[in-house]
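S.K.: please work out how this folds:
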Amino acid sequence: MTDDRPQTYCSVEVAAHLAGLSVTRVRRLVRTGLIQPPIVERGRPLFGEVELARLRKIRRLTTDLGVNLAGVEIIVNMRRKIETMQQEMERFIAHVREELGRRKQEEAIESSRALVKVPGHGHNVKSEKR
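M.R.: Numbers count the residues shown, from 1 in each chain. Predicted coordinates:
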């Protein structure tokens, strides 16, 4: 489901307030690359909902859990890698499903062209001993 509302952006001061961080801390996170504002207008970074959520996660990690910025960077990078791997796995599963569906269709077509129909094609057929 997509959200049709227009994306809103805020300044570093507003983002810091909303995330519960100092302006200096948010600027440091931008400089280190942990936060990448999607828009820079007149040299000033603007933050959207995605960045605000990341700032809040970073605040929880640093303030609530006592993780230092190096640890935060490792955690953020690992999360990105996990998300990328999950997306790749989902694409792979979709590809496998498509391939299985295609092969089933091919088998059905081949079976319909057979000269002699075999009941229960693809299943073990019981034979009685005489």
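
S.K.: local confidence estimate at Glu128?
M.R.: Glu128 carries a pLDDT score of 58 in this model.

S.K.: ugh, typo on my part, it should be Asp4
M.R.: 61.

S.K.: ditto for the one 4 residues further on
M.R.: Predicted confidence (pLDDT) at Thr8: the value is 87.

S.K.: ok, and the most centrally placed residue in the chain, which helix or strand is that part of?
M.R.: The centroid of the chain falls nearest to Glu83 when counting by CA atoms, centre = their mean (4.3 Å). According to DSSP states H and E, Glu83 maps onto helix 69-112.

S.K.: report all helices and strands that that helix contacts.
M.R.: Applying 3 or more CB pairs under 8 Å, 6 or more residues apart in numbering; DSSP states H and E, we find helix 69-112 packed against helix 23-32, helix 49-59. Yep, even glycine has a C-beta here, placed from its N, CA and C like the rest.

S.K.: to Ile39, which of these lies closest?
M.R.: helix 49-59 (9.8 Å; CB to CB).

S.K.: residues of the closest one that come out buried?
M.R.: Residues of helix 49-59 classed as buried: Glu51, Leu52, Arg54, Leu55, Ile58, Arg59 (neighbour count, 16 or more other CB atoms under 10 Å).

S.K.: ok now the helix-or-strand element of the chain with minimal mean pLDDT, how far from the chain's centre?
M.R.: The weakest-scoring helix or strand in the chain, judged by mean pLDDT, DSSP states H and E, is strand 39-41 (a mean of 86). Offset of strand 39-41 from its chain centre (CA atoms, centre = their mean, to the nearest Å): 25 Å.

S.K.: any regions of the chain where pLDDT drops low?
M.R.: In the predicted model, the chain carries pLDDT under 70 at residues 1-6, 114-130.

S.K.: could you list the domains of it?
M.R.: The record's domain parsing of the chain by automatic domain parsing lists 7-66, 68-114.
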